[in-house]
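Participant: this is a predicted model, with the sequence first.
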Amino acid sequence: MLPPSRRDFVSLTVSESGSYTNSKQWRRQSCWRKWKRLSRLQRSLILFTLMLLLVCGIATSPTLIRHWRGENGYDGKQPFVVNLKNEYRSILPELPSEKKDYHRRGPPALQNHLQTKTNVSSLLGVENHGLDLKNADKGSEGGKPINSWRGAVIEEEHASDTDTKDTEIQDDPASIALAESRLEAVREAFRHAWKGYKNFAWGHDELKPISKSYGEWFGLGLTLIDALDTMWILGLKEEFAEARQWVAKELSFDKNVDVNLFESTIRILGGLLSTYHLTGDSLFLEKAKDIGSRLMPAFSTASKIPYSDVNIGKGTAHSPQWTSDSTVAEVTSIQLEFRDLSRLTGDPKYKLAVMEVMKRVHKLNGKQDGLVPMFINTNNGLFTHQGIYTLGARADSYYEYLLKQWIQGNKTEKELLDDYLQAVEGVKKNLLKKSTPSSLTFVGELSHGHFSPKMDHLVCFLPGTLALGAHYGLPADHMELAKQLIETCYQMYAQMETGLSPEIAYFNTHEGSTQDVDVKIADRHNLLRPETVESLFYLYRFTKDKKYQQWGWEILQNFNKYTRVPTGGYTSINNVCDPASPIPRDKMESFFLGETLKYFYLLFSDDPNLISLDKYVFNTEAHPLPIWPQAE
């Protein structure tokens, strides 16, 4: 027998239930009597009205319309959670199955950039600073279709064979959904990195995500400035708006601080110029003029080879305390930015200063088949430490900027092209070898006639540069070499236990080797570098081979797996060979937002007009600058 309290509860429930049922029956009977009392005409009018409302509702339902057309409403953004080692968790978009028929939503990159009419002022909630976008979003003018992208008005040209191929790729619904999901993964990664920077390092140079603090180099907000054009390209409106506000209200170069000429040029000057070109917002041009003029004292040397360090507050410059040398890469990888500044301001002094450097390096003795030493003396303008040749640190971007200056200047500066072509032949003759057992083509180093199978991750810029040159009509074997080298750079990731590349690899060349890559203990760190992703972008843009996107996707997943910090940000790690203990270094370099994530986004986009390589050239910090329409 049930206890009294339980019996009371049951009895009460039955009573209420019965009352509710009787009440429903009474209401149904009452409504039926009222219906029967209506005249036949009244009942017909009511039924007709109900049927009309039903038909209208069905006709205007987007879901049912898509259903009738054989479409569905998948948007590629459903999140899923990936379980990560080392307690790192990543929220990434679900990858669609290729067997499903996904609703085509148009080219994903353009669609994400401007889904409604917009201009800079409406985007940021600030005044329009000299940007005319009145006609930017009109569907056509004078019979010519116009695409509006990030405030840039681009006239569509006649379709080529490449355009047709791109269209076919974009027309595949599964490919569109896959691309969009990957693009969203990059946006999510950026938001996560930005969250850490905003919370723990706002306005400072670099985030320390593990200790939830920041590090300073110059005290000029390097990460924020480096990331400006990335946010614009990714369509991150809120983040861009708050960063712009900081630039407008807080960024000042009137500081008694020594900065490195090269790093300040490629990150700060390059970032501000690029953002100006993409947005048309004069704020960024004014800031670029300010920092550019403050860097000019570096060129006040007898040799015209600039000092490495500048005090931007005092207007003085000097060499480092330990040497009177500058690195060759530093003095020959500032030209794109200063040339662009001269073009924008109409003041030739910037271009003249940096081109004088190129003229002097062009004439110097000490090269070997177009390859340059790593150091140059600011007093006498001569190469030092001769006999050592590398495409890694201290020399790498010299070769990159030879080609890119030639492209920027509309292919008119023959000396630059000649030096580049000679250097490529020098690489083939002196630095190329094959590994064992997989016969990977790699770029080693030469020291006083002795070859070393050492290859920096930095060298992985080369496949992309070679492919870019081939795109601009240079020999076809440059593209073939680019394909071989990008395979090697990918293997530098794939053959590591974490799937992330070390800073430096040594390739085995002896018979009987069982693995291609060896890594010394001191070289096992990964700094979130962009070079391999950069080259994957170029190779995919020019070949449309999907394997390059897949390789990039694997690398992004491994960044999320081993370097993502739950509270916000990503960290460089000490050991790519130990997935159980990669050991965070507690530092997120500014180039992770400025370069690495930007190149991931461009790699996963199938839109060739998203920073068209026929209209823009990237500086060595991934900041796009326009190609000149004519010789200037």
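Facilitator: Okay, I see it.

Participant: residue boundaries of the strands in the stretch 101-250 of the chain?
Facilitator: 140-141, 144-149, 152-155, 206-208, 213-215 (DSSP state E, counting those that start in this stretch).

Participant: give the burial count for residue 39, as a bare number.
Facilitator: Neighbour count of residue 39, defined by other CB atoms under 10 Å: 8. For the C-beta atoms, the positions are set from N, CA and C on the backbone; glycine is no exception.

Participant: could you measure from it over to residue 46?
Facilitator: 11 Å (CB to CB, to the nearest Å).

Participant: skipping adjacent residues, who's closest to residue 628 in space?
Facilitator: Of all residues not flanking residue 628 in the chain, residue 410 sits nearest, at 5.0 Å (CB to CB, 6 or more residues apart in numbering).

Participant: tell me the contacts of the one you found?
Facilitator: By CB atoms under 8 Å, 6 or more residues apart in numbering, residue 410 lies in contact with 627-631.

Participant: return the helix or strand in the chain with minimum mean pLDDT.
Facilitator: Lowest by mean pLDDT, DSSP states H and E among the helices and strands of the chain is strand 144-149, with a mean of 29.

Participant: stretch 389-404: which residues count as buried?
Facilitator: For stretch 389-404, burial by neighbour count (16 or more other CB atoms under 10 Å) applies to 389-404.

Participant: avg pLDDT for it?
Facilitator: Across stretch 389-404, the average pLDDT comes to 98.

Participant: start and end of that stretch, how far apart?
Facilitator: 21 Å (CA to CA, to the nearest Å).

Participant: gap between that stretch and the chain center?
Facilitator: Taking CA atoms, centre = their mean, to the nearest Å, one finds the center of stretch 389-404 at 21 Å from the center of the full chain.

Participant: stretch 259-279 too?
Facilitator: 15 Å.

Participant: same question for stretch 198-218.
Facilitator: Between the centre of stretch 198-218 and the centre of its chain there are 20 Å (CA atoms, centre = their mean).

Participant: so where's this protein shaky on pLDDT?
Facilitator: The model of the chain has pLDDT under 70 over residues 1-37, 40-41, 55-171, 631-632.

Participant: from the recorded domain assignment, give the ranges for it.
Facilitator: Per the record, the chain has its domains at 45-74, 162-626, by automatic domain parsing.

Participant: okay, these, which one's buried deepest?
Facilitator: Of the domains of the chain, the one with the most neighbours on average (mean count of other CB atoms under 10 Å) is domain 162-626, at a mean of 20.

Participant: helix/strand/coil for residue 620?
Facilitator: Secondary structure state of residue 620, per DSSP: H, G, I helix; E, B strand; the rest coil, is coil.

Participant: now residue 342. Nearest residue, chain neighbours left out?
Facilitator: Residue 342 sits nearest to residue 351 (CB to CB, 6+ apart), 3.8 Å away.

Participant: no no, residue 505
Facilitator: residue 517 (4.9 Å).

Participant: the one you found contacts residue 492, correct?
Facilitator: Yes: if you go by CB atoms under 8 Å, residue 517 and residue 492 touch, sitting 6.3 Å apart.

Participant: what do these two both touch?
Facilitator: Among the neighbours of residue 517, those also in contact with residue 492 (CB under 8 Å, 6+ apart) are residue 505.

Participant: can you tell me the SS state at residue 376?
Facilitator: When classified by three-state DSSP, residue 376 comes out as strand.

Participant: how close does it get to residue 620?
Facilitator: According to CB to CB, residue 376 stands 18 Å off from residue 620.

Participant: which parts of the stretch 401-550 of the chain are strands?
Facilitator: Along the stretch 401-550 of the chain, the stretches classed as strands by DSSP E, counting those that start in this stretch are 432-434, 441-443, 445-447, 450-452, 454-456, 504-507, 517-518.

Participant: and the ones you listed as JSON lines, adding distance to residue 568?
Facilitator: Formatted as JSON lines, the strands of the stretch 401-550 of the chain follow (distance: least, CB to CB, whole Å):
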{"stretch": "strand 432-434", "distance to residue 568": "42"}
{"stretch": "strand 441-443", "distance to residue 568": "36"}
{"stretch": "strand 445-447", "distance to residue 568": "38"}
{"stretch": "strand 450-452", "distance to residue 568": "40"}
{"stretch": "strand 454-456", "distance to residue 568": "30"}
{"stretch": "strand 504-507", "distance to residue 568": "29"}
{"stretch": "strand 517-518", "distance to residue 568": "33"}
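
Participant: so who does the residue nearest to residue 407 when sequence neighbours are not counted touch?
Facilitator: In space, and not counting its chain neighbours, residue 407 is closest to residue 617: 5.0 Å by CB to CB, 6+ apart. By CB under 8 Å, 6+ apart, the contact list for residue 617 reads 336, 404, 407-408, 624-627.

Participant: residue 266 versus residue 417, what's the distance?
Facilitator: Residue 417 sits at a distance of 22 Å from residue 266 (criterion: CB to CB).

Participant: closest to residue 544 out of the strands of the stretch 401-550 of the chain?
Facilitator: Among the strands of the stretch 401-550 of the chain, the nearest to residue 544 by CB to CB is strand 441-443 (22.3 Å).

Participant: centre of the chain to the closest one, how far?
Facilitator: 26 Å.

Participant: partner strands of that strand and their direction?
Facilitator: Strand 441-443 pairs in its sheet with strand 432-434 (antiparallel), by DSSP bridges.

Participant: quickly list what the nearest residue to residue 197 once chain neighbours are set aside is bridged to.
Facilitator: Spatial nearest neighbour of residue 197, excluding adjacent residues (CB to CB, 6+ apart): residue 207 at 4.7 Å. Listed beta-bridge partners, residue 207: residue 214, residue 588 (assigned using DSSP bridges).

Participant: I figured residue 207 hits residue 569, correct?
Facilitator: Yes: at 4.9 Å, residue 207 counts as touching residue 569 under the criterion of CB under 8 Å.

Participant: which residues are common contacts for those two?
Facilitator: Contact with both residue 207 and residue 569 is made by residues 193, 196-197, 200, 588, according to CB under 8 Å, 6+ apart.

Participant: returning to that earlier point: any idea which of the contacts of residue 617 is closest to residue 450?
Facilitator: If you rank these by distance to residue 450 using CB to CB, residue 404 comes first, at 31.2 Å.
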